[in-house]
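J.: give me a model of this one.
(one chain, ligands or ions: 2)
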Amino acid sequence: MGILEVKGVGKRFGGLQALGDVNLSVQENSVHAIIGPNGAGKSTLLNCLVGKLIPDTGSVMFDGNSVLGRKPHEINQMGISRVFQTPEIFGDLTVIENMMIPCFAKRDGAFRMHAIENMLNEKELFEKAEAMLSDVNMADKRGMTASSMSRGDKRRLEIAMCLVQEPKLLLLDEPTAGMARADTNNTIDLLKQIKDERDITIAIIEHDMHVVFSLADRITVLAQGTPLVEDTPENIKGHPKVKEAYLGE
Ligand code: ADP
Ligand code: MG
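T.: Ligands and ions are numbered 1, 2, ... in the order given. You can find the predicted model right below:
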């Protein structure tokens, strides 16, 4: 049994079958990559795991409990944190303020902007946020306005905003998309560090094969809403179906 068990998940948008019959088992403390061409249904699948979309068919079990029918903030409180495909930080707030919001949200199940002033007075949350910033080597950026940071640092902040919630499962949707090579390599190093130091499971959607092969223990290839193959990175590299459908060889 994996920490995440997806069985027979299907999702249709009008006439488009975005997900057919998805089965996926993610083992605890592993890094599981989901790859596949654009439009394969990767983000749709992720959205079904976090309550942003409700699948038409199938089941999603996390840590022995069904996530279906639960609201996104409830699923977050169960121990799943995610980074979206497009960055979702609060640009007008400082780095440390951005870090405190997910702490607050996890504890209280919701967050209201007018609560920011109270939030900043919560010493325990503040210290937790600061400690996490140090862990990801961003302590020196704590007072910066989030919008003024580089793309790479914004991504790092987003990952830190997830980690500060101490999730059991971290979901990443193309964390290195649009990054320069140096930032991509920094992200790989950060994720390796997280994987080694924490009791955490990571499911990552990623286009960059260098990132995938640097991090993944298992890889699922999704094509047209259906898993084509699931295997180790070594076997995926040489798989004829994968070469044909995805790597373009
Ligand atoms: P991927 O992340 O693998 O690139 P997506 O999950 O974003 O793919 O999309 C899968 C398919 O579903 C695409 O054809 C996309 O256009 C379609 N799709 C995704 N979200 C919606 C939506 N909210 N409404 C209608 N169609 C959607
Ligand atoms: Mg996507």
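J.: ligand 2 contacts on this structure?
T.: Within the chain, the positions adjacent to ligand 2 are Lys42, Ser43 by C-beta under 5 Å from the ion. For glycine as for every other residue, the C-beta is placed from the backbone atoms N, C-alpha and C.
J.: where does the chain dip in pLDDT?
T.: Applying pLDDT under 70 to the chain flags the ranges 85-87, 110-114, 245-249.
J.: what segments of it are helices?
T.: Taking DSSP state H, the helices of the chain run over residues 42-49, 72-78, 95-108, 116-120, 123-135, 151-163, 181-197, 209-215, 233-238, 240-242.
J.: nearest to ligand 1, of those?
T.: Closest of the helices of the chain to ligand 1 is helix 42-49, at 3.3 Å (criterion: C-beta to the nearest ligand atom).
J.: what residues are up against the residue lying closest to Ser150 once chain neighbours are set aside?
T.: Of all residues not flanking Ser150 in the chain, Asp183 sits nearest, at 7.3 Å (C-beta to C-beta, 6 or more residues apart in numbering). Asp183 is in contact with Ser150, Arg151, Gly152, Arg155, Thr176, counting by C-beta atoms under 8 Å, 6 or more residues apart in numbering.
J.: which residues touch the closest residue to the fourth one other than its chain neighbours?
T.: If I follow you right, that is Arg155. The shortest distance from Arg155 to any residue other than its chain neighbours is 5.8 Å, reached at Pro175 (C-beta to C-beta, 6+ apart). Under the criterion of C-beta under 8 Å, 6+ apart, the neighbours of Pro175 are Val83, Arg155, Glu158, Ile159, Thr187, Leu191, Ile204, Glu206, Val211.
J.: might one say that the first one is in contact with Asp173?
T.: Translated: Val83. Yes. In this structure, Val83 is within contact of Asp173 by C-beta atoms under 8 Å, at 6.3 Å.
J.: what does stretch 127-139 rub up against?
T.: 95-96, 99-100, 103, 141-142, 153, 156-157, 159-160, 163-164, 190.
J.: isn't Glu28 right next to Phe62, touching?
T.: No. Between Glu28 and Phe62 there is no contact under C-beta under 8 Å: 11.0 Å.
J.: returning to what we had before: of the contacts of stretch 127-139, which is the nearest to Ala40?
T.: Ile159 (23.5 Å; C-beta to C-beta).
J.: the closest one: how many residues sit nearby?
T.: 20 (other C-beta atoms under 10 Å).
J.: so how far is ligand 2 from it?
T.: 17 Å (C-beta to the ion, to the nearest Å).
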